[in-house]
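Chemist: pasting a predicted model and its sequence here:
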Amino acid sequence: FNWFGFLVFLLFIIAQSATAETPNAFFQSGDTAPEYRFLWVTRYELQTTKDIELIIERAKKYNFNALFIQVCALGEAYYRSEVMPLAKCVTQNFDPLQEVLYRAHAEGIEVHAWLNTNFVWEQNRKLPEDTRHIVRAHPEWLTRDKQGRSIMEYKGLDAVLAHYTGVYLDPAIPAVREYLSSLFVEVVQKYPVDGVHFDYIRYPGAEFGYVAEALDVFQKEYQADPRALVNNKSVALGIYGENRYKELVETWKVQRESYLTQLVRLVAEKTRGLRKNIKISAAVIPDLARAKRDYFQDWESWLKLGVLDFVVPMSYSTKLSVVEQQIGSAAQIAQKYKAGVVAGLGAWRQSPEEITEKIFFVRKLHGVMGFTSIWGTSLFSYDTISAKPGYLATVRDKVFTSKVATPVSQERAALPVSGNIAQESEE
């Protein structure tokens, strides 16, 4: 990362801020340009037709033009799925996704289906009753730690110490990649969604990923056992020497990155095969180095390979300086690949005035700095901010003063596969 270049960039932003007449003047002048104004809408708000009517009514009233609708969470579907068990609210007479699409499209609002991908069950929760649920039907698909212990076995203090966030499938297993990609395919086949949106497209942490399928591939290729590298470091250093040891540890990390990349690519190829103009995005850890180190989430490669149209860095900090650094860095990365960035902002934890300040900054990245990779913003989440009196009205009055079109993205196709995808991602 070019810190000097980014420092110059921030100084320029500060100078522009000092000479601008007022933030509102800038918003008024820039408020007609196409941009995404997303709301993340959680499954909790999709329980009845009345809920959905209110969502669309508010999105229209407050000049939002796109919705991320959570249709897959904890291994359950909030649409008519033949692959996953249905959530209890989905009945013969009620299909949440169909209801949203019917009403949103009538108002010119885009709908992107939001799927929690690898994360399929919650910590310290009883197993689901439905035997078709993936954690019951295929417990062998769950990721494992360096001791060979299934993530399902993590409870209490163990879970806390491992920074454990839930039960995850392991994308190193080919059947897992096929299963997860089939969910995206099913949504695109059955519903006229404008896009599909990955969430939890990552490992639960760097200590996971030690499933037999991944270990076998590594051992055959490099004649080394990844478990021995971390469980018996001093012995491994004696066998391989420091330089070779570091190479093997890094290669093991890159291999796990490659499994997520293969999954994203598989979804892109299958869904674009059905509808070539489908928009594909992912909610990502904003700090790329941390995303790769701790979660094997190499989202830069996903942009480079053309398998995503845009990323949504979850820049949830209340500090403007942190959001500036994270979104500015993401914009620089996406610009290289003619891809997009939609800034994911943590509206639930800050005032509407703080959020509008951050939207103002994102607008400056595009309008003043010329980052065409900036495509807009997304607020997390609809349920929390719609419950706060005046919140949405303040955002509209300060920054979303008129209705605008969404950006038109160029058609993207994944680069052809040529050899090892892990090596290809690093080129």
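Modeler: Ah, there it is.
Chemist: going forward, measure contacts between C-alpha atoms and count neighbours the same way
Modeler: Will do.
Chemist: count the neighbours of Ile55 for me.
Modeler: The local packing of Ile55 (other CA atoms under 10 Å) involves 23 other residues.
Chemist: what are the contacting residues of stretch 182-200?
Modeler: 68, 81, 83, 98, 101, 110-119, 267, 270-271, 274-275, 278-284 (CA atoms under 8 Å, 6 or more residues apart in numbering).
Chemist: pull out the buried residues from it.
Modeler: Of all the residues in stretch 182-200, those buried under the rule 16 or more other CA atoms under 10 Å are 182-185, 187-188, 192-200.
Chemist: who's Glu76 bridged to?
Modeler: Per DSSP bridges, the residues bridged to Glu76 are Ala73.
Chemist: so it makes contact with Met84?
Modeler: Yes: using CA atoms under 8 Å, Glu76 is in contact with Met84, at 5.8 Å.
Chemist: about what we covered before: go through the contacts of stretch 182-200 and flag which are in helices.
Modeler: With helices taken from DSSP state H, the overlap with the contacts of stretch 182-200 comprises 98, 101, 267, 270-271, 274.
Chemist: average model confidence for stretch 343-362?
Modeler: The pLDDT scores in stretch 343-362 average 98.
Chemist: and Gly75, how close does it get to Thr271?
Modeler: 20 Å (CA to CA, to the nearest Å).
Chemist: who has more neighbours, those two?
Modeler: Using other CA under 10 Å as the criterion, Gly75 and Thr271 rank with Thr271 on top: 25 against 22.
Chemist: contacts only, for that one.
Modeler: Each residue near Thr271 by CA under 8 Å, 6+ apart is listed here: 184-185, 188, 278.
Chemist: ok, now with 7 Å
Modeler: Thr271 is in contact with 185, 188, counting by CA atoms under 7 Å, 6 or more residues apart in numbering.
Chemist: related to what we said a few turns ago, quick check, nearest of the ones in helices among the contacts of stretch 182-200 to Gln350?
Modeler: The closest of these to Gln350 turns out to be Leu101 (CA to CA; 29.6 Å).
Chemist: what's the neighbour count on the closest one?
Modeler: Neighbour number of Leu101 under other CA under 10 Å is 23.
Chemist: what about the strands in the stretch 1-150 of the chain?
Modeler: Remark: strands assigned in the stretch 1-150 of the chain by DSSP state E, counting those that start in this stretch are 36-41, 66-73, 76-77, 110-116, 119-121.
Chemist: quick one, phi psi at the residue lying closest to Gln350 once chain neighbours are set aside?
Modeler: Using CA to CA, 6 or more residues apart in numbering and skipping residues adjacent in sequence, the residue nearest Gln350 is Thr318, 6.4 Å away. Main-chain torsions, Thr318, degrees, to the nearest 10: phi -80, psi -10.
Chemist: what is the burial count for Thr318?
Modeler: 17.
Chemist: can you give me the helices in the stretch 301-427 of the chain?
Modeler: 320-336, 352-367, 382-386, 391-398, 421-426 (DSSP state H, counting those that start in this stretch).
Chemist: that older thread, would a markdown table of the ones in helices among the contacts of stretch 182-200 with pLDDT be doable?
Modeler: As requested, the ones in helices among the contacts of stretch 182-200 are exported to a markdown table (pLDDT from 0 to 100):
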| residue | pLDDT |
| --- | --- |
| Gln98 | 97 |
| Leu101 | 98 |
| Val267 | 98 |
| Lys270 | 98 |
| Thr271 | 98 |
| Leu274 | 97 |
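Chemist: which one of the residues you listed is nearest to Gln123?
Modeler: Taking the ones in helices among the contacts of stretch 182-200 together and measuring to Gln123 by CA to CA, the closest member is Val267, at 27.2 Å.
Chemist: distance of that closest one relative to Thr91?
Modeler: According to CA to CA, Val267 stands 27 Å off from Thr91.
Chemist: more crowded one of these two?
Modeler: Counted by other CA under 10 Å, Val267 and Thr91 do not tie: Val267 has more neighbours, with 24 against 13.
Chemist: now that one, nearest residue through space, not along the chain?
Modeler: Using CA to CA, 6+ apart, the nearest residue to Val267 is Ser181, at 5.1 Å.
Chemist: that's a strand at the one you found, yeah?
Modeler: No: secondary structure of Ser181 (DSSP: H, G, I helix; E, B strand; the rest coil): helix, not part of a strand.
Chemist: shouldn't it be in contact with Ala268?
Modeler: No: in this structure, Ser181 is not within contact of Ala268 by CA atoms under 7 Å, at 8.9 Å.
Chemist: compare those two (neighbour count), which wins?
Modeler: It is Ala268, of Ser181 and Ala268, that has more neighbours when counted by other CA under 10 Å, with 28 against 21.
Chemist: where's the more buried one relative to Leu303, distance?
Modeler: 12 Å.
Chemist: what of Pro204?
Modeler: 22 Å.
Chemist: grab the nearest non-local neighbour of Thr143.
Modeler: Asp170 (4.6 Å).
Chemist: what sits against that neighbour?
Modeler: Counted by CA under 7 Å, 6+ apart, Asp170 has contacts 141-143, 176, 209.
Chemist: mind doing that once more with 10 Å?
Modeler: Counting by CA atoms under 10 Å, 6 or more residues apart in numbering, Asp170 touches 118-119, 140-144, 176-177, 202-204, 208-211, 213-214, 256, 259-260.
Chemist: my guess is Trp114 meets Tyr79, correct?
Modeler: No: taking CA atoms under 10 Å as the definition, Trp114 is not a contact partner of Tyr79, at 11.5 Å.
Chemist: anything in contact with each of the two?
Modeler: 70-72.
Chemist: what is the burial count for Arg125?
Modeler: 9.
Chemist: make that Glu122, sorry
Modeler: Glu122: 15 neighbours (other CA under 10 Å).
Chemist: roughly how far apart are it and Ile56?
Modeler: Going from Glu122 to Ile56 by CA to CA gives 30 Å.
Chemist: before we move on, what about Leu115?
Modeler: Leu115 is 20 Å from Ile56, by CA to CA.
Chemist: neighbour-wise, which of the two wins?
Modeler: Between Leu115 and Ile56, counted using other CA under 10 Å, Leu115 has the larger neighbour count: 28 against 22.
Chemist: surely the more buried one touches Val41?
Modeler: No: contact between Leu115 and Val41 fails when scored by CA under 10 Å: they sit 11.7 Å apart.
Chemist: could you tell me which residues touch both of these two?
Modeler: 68-71.
Chemist: below-threshold pLDDT in this structure: ranges please.
Modeler: By pLDDT under 70, the low-scoring segments of the chain are 1-30, 157, 159-163, 409-427.
Chemist: go again using 80 as the cut-off
Modeler: In the predicted model, the chain carries pLDDT under 80 at residues 1-31, 124, 155-165, 408-427.
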